[in-house]
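Asker: sequence first, then the predicted structure:
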There are 2 protein chains.
Amino acid sequence: MKKLINDARNLVPEALRGFGKAHRDLVAVHENPTYVTRARPKLLEASGKVALVSGGGSGHEPLHAGFVGYGMLDAACPGQVFTSPTPDQISAAAVAVDDGGGVLFIVKNYAGDVMNFEMAAEELAHRSATVLVQDDVAVESSTYSASRRGVAGTLVVEKILGAAAEAGADLAACAALGERVARACATMGVALTSCTVPAAGKPTFELGENEMELGVGIHGEPGRRRVPTAPADVVVEELLTVIAHDLEPAKGEPLLLVVNGMGGTPLLELYLMYDAAARRLEADGLTIARSLVGNYVTSLEMAGCSLTLARLDDEAIHLWDAPVHTPALRWGS
Amino acid sequence: MKKLINDARNLVPEALRGFGKAHRDLVAVHENPTYVTRARPKLLEASGKVALVSGGGSGHEPLHAGFVGYGMLDAACPGQVFTSPTPDQISAAAVAVDDGGGVLFIVKNYAGDVMNFEMAAEELAHRSATVLVQDDVAVESSTYSASRRGVAGTLVVEKILGAAAEAGADLAACAALGERVARACATMGVALTSCTVPAAGKPTFELGENEMELGVGIHGEPGRRRVPTAPADVVVEELLTVIAHDLEPAKGEPLLLVVNGMGGTPLLELYLMYDAAARRLEADGLTIARSLVGNYVTSLEMAGCSLTLARLDDEAIHLWDAPVHTPALRWGS
């Protein structure tokens, strides 16, 4: 195992310290328990804004801490690598950012995350609601999840809900919108290599020299099929067929296309995958209204990527376009 | 070799097509010859703004095309992977974006790039000047370069010059500022793995299971020493010692610290390297005034990173902070 780390046990706290220093204009990193907030949480006294809190295992950076900031999350709770954050992290973060509007938890559908966010919500003397993201259409249940996994669609939910909360939507409206957006996202990924969890010291799974894992999870969970490596156009065809079968996008309906790198794939290949996906979607008469290409929901240094399609109505497009100022996603003024 | 590509010969044009579609609000991709401009070049008739044109081999994305946009480059000329762009690409780009203020070429110091940019400048019936970037302090000359290589400092030069050109600095002033900023940058990198050029089909170099290359170039050129893998703090110490010996930063002087991923290293490790570098610099009484962490000047899927220190005077800080709206770097309104 080759990693730019000191001691695997301190990887997450040391990285978070660096993250906090590098982005001190945008975020603040709290220790014991560990959570990340905006640099200036609760800028207004009891503004009534709904506070968005997410989190999950580390190793998927920039998700979630990289999405803390104006127009997106109020707080993120990073666990150890591929390990759920504890309820005390989550409740401390919620208390720190609730500004009178209640707390909306955005949770990827993994058993540990679901349980720990539930425990935090139960303990909390604050109003809260939860949006569960389960956009991975590859498999119906998996190593760490009953029913579908939450993957790259999470960032779409976080971006759109972040804009809605900023615009003054209340807790019930944010929760309803979150459910709608989460259901409007479908994702499937492919891995060319495994990743290595530092504390484990060896690859999570083994792939042959000429094999890839279609439908892989973001922790290296098994996908649908292990197949011989194939040209990008073939991979895109496989992924989009499953995604479109699930999502059933209509011709002319505005779609968001996310090409998300798993961490170890060059940007050159991600843009090539975007080109291949755009060609295929256009050939089917579908309309890509918005795009995002990059490493956003990663699996350490895994080579591979996922494609996400999201059906956006006018409200969702407006909220997607709204300003966002976070370490990893930034646009608008 | 595992890559998300179709045919290695078409990787760059297909990826550029995807890049152009994904960022059609910001850039336009031109073919035959290949270059990238802002979506709306020459917005004003003969605004007199100096046009900034850069380029080089592909495989270092987002450099350079990802830095085309308001506040940074006017055009970028991508060659094949790790191969210089041709003079006709460069001169076509220059003609397309010269808006009456002349053209400033920003060139990384590799023999092919230097020669082809010179040929383009000579053929061009436009006023032009060239800034040569050679910030890599690892070695005095290398596989493709006489004297030092140009690496991650290039993005610092492009960002600061982009802001100066936007603010109305003329060609001579931009060229002088560019020389000053280029000399104020010092970079050194480390590789944990090689990368594989798709057309070659095998790793550029071989590293043992427990080896790393200190001072590696962004095409996998040899560095200073091949050494056993070591903790991040030790790697940072090695890199910063060489950088500080070259740059001689003064106590209290504002510095920019860039932790640049080579493409295959998780963000978690890059932030950990940032933390280690910040601790070391602070212990030496040095002041990190600005920071950037991410994959900006990459070497395909190479694992590793580089550290760049840049000495910033007040003018340079002001220009670094100025708004930039490009696919890969975006801040300010």
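Answerer: Received it, and whenever you're ready, just let me know what you need. Not measured: the values here are computed from a predicted model.

Asker: which parts of chain A are helices?
Answerer: Applying DSSP state H to chain A gives helices spanning A:11-22, A:87-97, A:111-123, A:153-166, A:171-183, A:232-247, A:267-283, A:314-321.

Asker: just those helices: most buried one?
Answerer: Greatest average neighbour count among these goes to helix A:153-166 (a mean of 27), per mean count of other Cβ atoms under 10 Å in any protein chain shown. From N, CA and C alone the C-beta is placed, and that goes for glycine too.

Asker: that older thread, of all the helices of chain A, which one is nearest residue A:147?
Answerer: Proximity to residue A:147, assessed across these by Cβ to Cβ, is greatest for helix A:111-123 (10.2 Å).

Asker: tell me what the closest one is packed against?
Answerer: Judged by 3 or more Cβ pairs under 8 Å, 6 or more residues apart in numbering or on different chains; DSSP states H and E, the packing partners of helix A:111-123 are strand A:51-58, helix A:87-97, strand A:103-108, strand A:128-133.

Asker: now the angle from that helix to strand A:128-133?
Answerer: 170 degrees (axes from the mean of the first three to the mean of the last three Cα atoms, to 10 degrees).

Asker: list the contacts for whichever residue of the stretch 1-150 of chain A sits closest to chain B?
Answerer: Taking Cβ to the nearest Cβ as the measure, the stretch 1-150 of chain A has residue A:18 as its residue closest to chain B, at 3.1 Å. Residues near residue A:18 by Cβ atoms under 8 Å, 6 or more residues apart in numbering or on different chains: B:270-276, B:278, B:293.

Asker: show me which residues of the stretch 201-333 of chain A are close to chain B?
Answerer: A:209-210, A:212, A:229, A:231-233, A:235, A:259, A:263-276, A:278, A:288, A:291-293, A:295, A:298, A:300-301, A:303-305, A:330-333 (Cβ under 8 Å from any Cβ of the partner chain).

Asker: sorry, back to before: quick one, grab the pLDDT at the closest residue to the residue of the stretch 1-150 of chain A closest to chain B other than its chain neighbours.
Answerer: The shortest distance from residue A:18 to any non-neighbouring residue, by Cβ to Cβ, 6 or more residues apart in numbering or on different chains, is to residue B:275 (3.1 Å). We have a pLDDT of 98 for residue B:275.

Asker: would you confirm that residue B:275 contacts residue A:17?
Answerer: Yes - proximity of residue B:275 to residue A:17 meets the contact threshold set by Cβ atoms under 8 Å, at 4.6 Å.

Asker: now distance to chain B and mean pLDDT too, for the helices and strands packed on helix A:111-123, in a markdown table please.
Answerer: Compiled in a markdown table, the helices and strands packed on helix A:111-123 are given as follows (distance: least, Cβ to the nearest Cβ, whole Å; pLDDT from 0 to 100):
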| stretch | distance to chain B | mean pLDDT |
| --- | --- | --- |
| strand A:51-58 | 6 | 98 |
| helix A:87-97 | 17 | 97 |
| strand A:103-108 | 17 | 98 |
| strand A:128-133 | 21 | 98 |
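
Asker: quick one: closest of those to residue B:67.
Answerer: strand A:51-58 (29.3 Å).

Asker: quick one: the closest one to strand A:103-108, angle?
Answerer: Orientation check (the same axes, to 10 degrees): strand A:51-58 against strand A:103-108 gives 30 degrees.

Asker: list the buried residues of strand A:51-58.
Answerer: Of all the residues in strand A:51-58, those buried under the rule 16 or more other Cβ atoms under 10 Å in any protein chain shown are A:51-58.

Asker: return the list of helices and strands in contact with it.
Answerer: Packed next to strand A:51-58, using 3+ Cβ pairs under 8 Å, 6+ apart, are helix A:11-22, strand A:75-81, helix A:87-97, strand A:103-108, helix A:111-123, helix A:153-166.

Asker: note down every partner strand of it and its orientation.
Answerer: The pairing partners recorded for strand A:51-58 under DSSP bridges are strand A:75-81 (parallel), strand A:103-108 (parallel).

Asker: now do the longest one, average pLDDT.
Answerer: The average pLDDT within strand A:75-81 is 98.

Asker: quick one: the closest residue to chain B within the stretch 151-300 of chain A from residue A:265, how far?
Answerer: Here the stretch 151-300 of chain A gets closest to chain B at one residue, residue A:275, 3.2 Å apart by Cβ to the nearest Cβ. Look at residue A:275 and residue A:265: by Cβ to Cβ, to the nearest Å, they are 15 Å apart.

Asker: picking up where we left off before, closest one to residue B:32 among the helices of chain A?
Answerer: helix A:267-283 (17.4 Å).

Asker: now the angle from the closest one to helix A:232-247?
Answerer: When the same axes, to 10 degrees is applied, the directions of helix A:267-283 and helix A:232-247 differ by 50 degrees.

Asker: hey, what's the angle from helix A:267-283 to helix B:11-22? Just curious.
Answerer: Counting by the same axes, to 10 degrees, helix A:267-283 lies at 60 degrees to helix B:11-22.

Asker: next one: helix A:267-283 to chain centre, how far?
Answerer: 21 Å (Cα atoms, centre = their mean, to the nearest Å).

Asker: that one packs against which elements?
Answerer: Against helix A:267-283 (3+ Cβ pairs under 8 Å, 6+ apart) you get helix A:232-247, strand A:254-261, strand A:287-294, strand A:304-311, helix B:11-22.

Asker: for residue A:74, find the nearest of these.
Answerer: Ranking those by proximity to residue A:74 (Cβ to Cβ) places strand A:287-294 first, at 21.5 Å.

Asker: same question for the closest one, mean pLDDT?
Answerer: If you average the pLDDT over strand A:287-294, you get 98.

Asker: now stretch A:303-317
Answerer: Computed over stretch A:303-317, the mean pLDDT rounds to 97.

Asker: in that stretch, what's buried?
Answerer: A:303-312, A:316.

Asker: endpoints of that stretch, how far apart?
Answerer: When the termini of stretch A:303-317 are compared using Cα to Cα, to the nearest Å, they are 30 Å apart.

Asker: what of stretch A:223-235?
Answerer: Terminal residues of stretch A:223-235 are spaced 14 Å apart (Cα to Cα).

Asker: which residues touch that stretch?
Answerer: For stretch A:223-235, the external contacting residues (Cβ under 8 Å, 6+ apart) are A:138-139, A:189-192, A:207, A:210-217, A:238, A:242, A:269, A:272-273, A:276, A:280, B:2, B:4-7, B:14.

Asker: from those, list the buried ones, please.
Answerer: The neighbour count (16+ other Cβ under 10 Å) marks A:138-139, A:189-192, A:207, A:212-217, A:238, A:242, A:269, A:272-273, A:276, A:280, B:2, B:4-6, B:14 as buried among the contacts of stretch A:223-235.

Asker: excluding its backbone neighbours, what's nearest residue A:284?
Answerer: Distances taken as Cβ to Cβ, 6+ apart place residue A:244 nearest to residue A:284, at 7.4 Å, with adjacent residues excluded.

Asker: quickly list what residue A:27 is bridged to.
Answerer: Note on residue A:27: beta-bridge partners by DSSP bridges are residue A:38.

Asker: ugh, typo on my part, it should be residue A:107
Answerer: Counting by DSSP bridges, residue A:107 is bridged to residue A:132.

Asker: my read: it touches residue A:131, true?
Answerer: Yes - contact criterion Cβ under 8 Å: residue A:107 and residue A:131 qualify, at 7.1 Å.

Asker: fine by me, we can end here.
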